[in-house]
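J.: One predicted model, sequence on top.
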Amino acid sequence: MAARPGSGAGYGGMRPGTGQRLGTGMRTGTGRMGTAARLGTGQQPANFGGVGLNTAVAVADRPVTRQGMGGMRVKTAGPGRQVQDVSFFHGLLRKRVADLVAELGRMRTEMGERSKNKATQQTLSRRYEDLIGEVRGLEGTLADYNLAQDKARAGVDPVEIAAFGASLRRRNADESRAIDRIFLDRQDIERGVERLEAQTQEVRAAERARLDTLPAGQRAEFAALLERNEASSKKVDAARAELAKLNARISEHEAALQEDVYREECALLERKLELTNAAVEEAEAELAAGGSPDDSRARLLAKVRTDNERTKALTAALAEHTDERNRLTRLAAELDRDIAERERGGGQEAKYDELFRRDEEMTQFIDRYPEMRSKEEAEQARARETIVALLEHISGGLAREHSMPSQAEHKELSEELQDKEQELAASRYTEEHLQAELARRRGEFEKVTRIDSDVTAETSTLQERIRVMRAEMEVFEDVDRVRTAAEKTMAELEARRNAYKRRRDGARQQLRAMATEYQRKQSMLDSHEVEASLRRLEDKLRSKEAQVQAAKEFVAVKGRHTEFRNLRRRALELTEELNDRIKELASRVDDLVLLEIAAVVLVN
């Protein structure tokens, strides 16, 4: 661009490049001196080198590259920028265009990655929904398999299972019909209540009409009777509410007493205290009776035998009563089942229910049997220990009271006790040492056994390796044949490697071409309007799928909320409530009739 003719070239002269042309106004081709060639003020020589060469440029202070296209506010004392041609701004624009192109490329890359991630997310979401549905179906199938396995473990025939399922379906249908009947009955009752209320309103209107015909004194008396009746009704309602509160408080206190963990313990301690007091009283009575130690020992032994016999008798009686109670309980349960079967009219499903219930009871009993047994054994052992401790304490007290040893005997017994304790400690130490030695010997025996098996396995492995090596030695004896085979193998491998290299290079070329074509197709696809419409359709489809899933969850929640057992229970409660209201209305109607009769009597 520096060689083109400038607009300021005079008389056929060429314009010099930026920073190298002559001073301002110094045109060539004339015979006279330019106006700028005269001596400056102060007799200074003219500047023929241009301002670009005479200006000190600091790269770090360039305002365009450091402060953007707007630059920064220059200093007023400096010369400022003195050369601003087109090439400078072209360079700036090229740099900015390159930056924009790079930024656009980065944004396109990010958009491509986001599109890929979005497509992957959609695929994974659909896969997740499919897997969730499959898991739910498999959970239902697993529940069916578990039920079938339980039935098979119980030895139930598949035909019976099918019959049981059919009976359940019939029962559900019967219960549905019963619920429908209850609903219809409720509607009939509501209509009847409405009719009764209408009749009540008519009766009240007739009463008001009759009251209007009565004298003022009788109307006042009737109004007083009505007020007394309303006050009595309010008192009765308040008393009923108070009674209900008291019953609720009684139930709460009874439940709290039943749940109190210290109640049984307190009763047990009281029983123990009573037994201890009785034993103390008996011991005091025996002490008051006096006698020799032999007589006391004889009385104690007689008492122990008596207590043992009494305990055995009580245990036998308790066992008999327990058996009788269990027998009566089973008999009552069988009678209840027979009554229920007769009320239902029998049927195969009742037998299936009974078998299933007995199986559950047996399973629960088997599961709780170890705990129940351990609990009963612990209670019996605790009772025995208590009895034995009390008897030992009583006998020891009696023996110590009548036969206290002397100091010499006590010292001799103490020394004998110390000797026995030392012998016991030595015996325990010997036993522990022997147990440790036995454990060590057993460990050594196990190690020897394992070593024997390991040696056998190692021997078989070595024999197999020897056989393989001998076979290889027979092959390796012919060195020429081995070398020929190795060279042949190397040649085949080299040929395969060259072929694979050619295939690799061809595949790379094809991959480049395909990648270029793919990028072109991808750019066309991104810019095509069908792609945008497909994306909108995918978003719409995703929103519809979310709505469908929400609807499914709503249906499932409503299905759980409309479970027929709760509806049946609520219907029964409403029926009872309506019956109570009908009874209350009937009682009120009776009261109104009585009042009407009283009013008629008063009128007459």
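T.: Happy to help now that I have it. Numbers count the residues shown, from 1 in each chain.
J.: Show me where this structure has its helices.
T.: 51-54, 63-67, 86-153, 158-213, 216-259, 261-289, 293-344, 348-402, 407-476, 479-527, 529-561, 564-603 (DSSP state H).
J.: Could you dump those into CSV and include mean neighbour count?
T.: In short, each C-beta sits where N, CA and C put it, glycine included. Output for the helices of the chain, formatted as CSV (neighbours: other C-beta atoms under 10 Å):
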stretch, mean neighbour count
helix 51-54, 12
helix 63-67, 13
helix 86-153, 11
helix 158-213, 12
helix 216-259, 11
helix 261-289, 11
helix 293-344, 11
helix 348-402, 12
helix 407-476, 10
helix 479-527, 10
helix 529-561, 11
helix 564-603, 12
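J.: Make TSV out of the ones you listed and add mean pLDDT.
T.: Output for the helices of the chain, formatted as TSV (pLDDT from 0 to 100):
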stretch	mean pLDDT
helix 51-54	47
helix 63-67	49
helix 86-153	84
helix 158-213	85
helix 216-259	80
helix 261-289	71
helix 293-344	73
helix 348-402	69
helix 407-476	77
helix 479-527	86
helix 529-561	81
helix 564-603	75
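J.: For Glu376, see how far away Asn326 is.
T.: When C-beta to C-beta, to the nearest Å is applied, the distance between Asn326 and Glu376 equals 14 Å.
J.: My error: substitute Thr141 in the last question.
T.: Remark: distance between Thr141 and Glu376 (C-beta to C-beta) = 43 Å.
J.: Leu124 too?
T.: Counting by C-beta to C-beta, the gap from Leu124 to Glu376 is 59 Å.
J.: Likewise for Ala486?
T.: For Ala486 relative to Glu376 (C-beta to C-beta), the value is 84 Å.
J.: do the same with Glu487
T.: 88 Å.
J.: and if you look at Arg504?
T.: To Glu376, Arg504 is 82 Å away according to C-beta to C-beta.
J.: Also Ile466?
T.: 68 Å.
J.: What of Ala220?
T.: Ala220 is 77 Å from Glu376, by C-beta to C-beta.
J.: just Thr213 next, same as before
T.: 82 Å.
J.: what's the answer for Asp454, then?
T.: Distance from Asp454 to Glu376, by C-beta to C-beta: 51 Å.
J.: go on, Arg483?
T.: 88 Å.
J.: swap in Ala224?
T.: 71 Å.
J.: now do Arg588
T.: Counting by C-beta to C-beta - Arg588 and Glu376 are separated by 59 Å.
J.: do the same with Glu531
T.: 79 Å.
J.: Could you do Leu493 as well?
T.: Distance from Leu493 to Glu376, by C-beta to C-beta: 82 Å.
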